[in-house]
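Novice: structure here, sequence nowhere to be found:
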Ligand code: DC
């Protein structure tokens with residue numbers, strides 16, 4: 001495709017957004033952007049630097065003063081925070097548990113949305129998150145809302161942890177997913193919801209390949 005579009009993918013935790021967005025971007029030769037990594041990186045920095053996570057004003061200034069860029073690194077588009085490539089340290093359960101302090105903060109979200117919009121200048125991106133089709137790119141050419149049942153999402157997360165050698169309990173993961181769903185959907189600012197013009201795909205019984213094919217069908221129509 002010669003015209004470069006913006007593809008927005010939203011959905012709850014564990015619906016397969018990262019896998020799907022990465023595969024779709026590869027097929028389209030677009031850049032894949034994981035917006036959640038930005039919230040994770042600033043949360044991680046706040047925790048590491050001993051910030052009071054209950055001080056919303058300080059968190060906004062922290063977000064504003066953190067340089068966040070997506071660059072190619074080891075053949076993958078990677079998030080750099082303050083010039084350093086972020087890795088698995090932003091994916092710990094502690095970071096996940098504390099993200100709400102930033103994700104619920106309207107000032108922080110404003111900073112993040114602006115950065116995300118700047119990243120996409122010129123199009124040719126697939127961005128995944130919670131508010132991409134509703135807030136970040138309300139005029140994106142293509143919007144998808146990727147969903148899956150709680151049980152299926154919990155099983156997928158469980159398998160991911162097992163593959164990484166992390167000991168976890170399936171019922172704990174299921175509970176965490178339900179907690180995150182509630183937080184994501186009930187937050188006062190930019191809650192997770194499907195954009196009215198998004199194509200909804202339930203991936204519970206689909207392979208990643210089938211989901212990507214369904215999206216490509218919509219895009220190439
Ligand atoms: O996609 P993820 O699970 O890595 O995202 C981590 C958290 O970041 C998620 O629980 C909510 C928040 N987030 C958000 O509020 N808005 C986004 N666009 C992306 C993520």
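Specialist: Good, I have the coordinates. Just so you know, these numbers come straight off a predicted model, no measurement behind them.

Novice: tell me how far residue 9 lies from the ligand.
Specialist: 10 Å (CB to the nearest ligand atom, to the nearest Å). (Glycine included, C-beta is placed from N, CA and C.)

Novice: neighbours around that residue, how many?
Specialist: 30 (other CB atoms under 10 Å).

Novice: in the sheet, who's paired with it?
Specialist: residue 128, residue 144 (DSSP bridges).

Novice: which residues does it contact?
Specialist: 17, 20-21, 24, 126-129, 132-133, 143-146 (CB atoms under 8 Å, 6 or more residues apart in numbering).

Novice: so which residues of the chain form helices?
Specialist: 17-28, 35-48, 56-64, 93-98, 100-103, 106-119, 150-163, 170-186, 208-220 (DSSP state H).

Novice: can I get those in CSV including distance to the ligand?
Specialist: As requested, the helices of the chain are exported to CSV (distance: least, CB to the nearest ligand atom, whole Å):
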stretch, distance to the ligand
helix 17-28, 7
helix 35-48, 3
helix 56-64, 12
helix 93-98, 7
helix 100-103, 4
helix 106-119, 7
helix 150-163, 10
helix 170-186, 5
helix 208-220, 16
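
Novice: including mean neighbour count, could the ones you listed go into CSV?
Specialist: Shown next, in CSV, are those (neighbours: other CB atoms under 10 Å):
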stretch, mean neighbour count
helix 17-28, 20
helix 35-48, 22
helix 56-64, 17
helix 93-98, 15
helix 100-103, 22
helix 106-119, 18
helix 150-163, 16
helix 170-186, 15
helix 208-220, 15
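
Novice: turn these into a markdown table, including mean pLDDT and distance to residue 194.
Specialist: Shown next, in a markdown table, are those (pLDDT from 0 to 100; distance: least, CB to CB, whole Å):
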| stretch | mean pLDDT | distance to residue 194 |
| --- | --- | --- |
| helix 17-28 | 97 | 13 |
| helix 35-48 | 98 | 16 |
| helix 56-64 | 98 | 26 |
| helix 93-98 | 92 | 23 |
| helix 100-103 | 96 | 18 |
| helix 106-119 | 97 | 18 |
| helix 150-163 | 93 | 16 |
| helix 170-186 | 94 | 11 |
| helix 208-220 | 97 | 15 |
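
Novice: need those helices in a markdown table (columns: distance to residue 197).
Specialist: Below are the helices of the chain laid out as a markdown table (distance: least, CB to CB, whole Å):
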| stretch | distance to residue 197 |
| --- | --- |
| helix 17-28 | 18 |
| helix 35-48 | 19 |
| helix 56-64 | 29 |
| helix 93-98 | 30 |
| helix 100-103 | 24 |
| helix 106-119 | 18 |
| helix 150-163 | 24 |
| helix 170-186 | 19 |
| helix 208-220 | 12 |
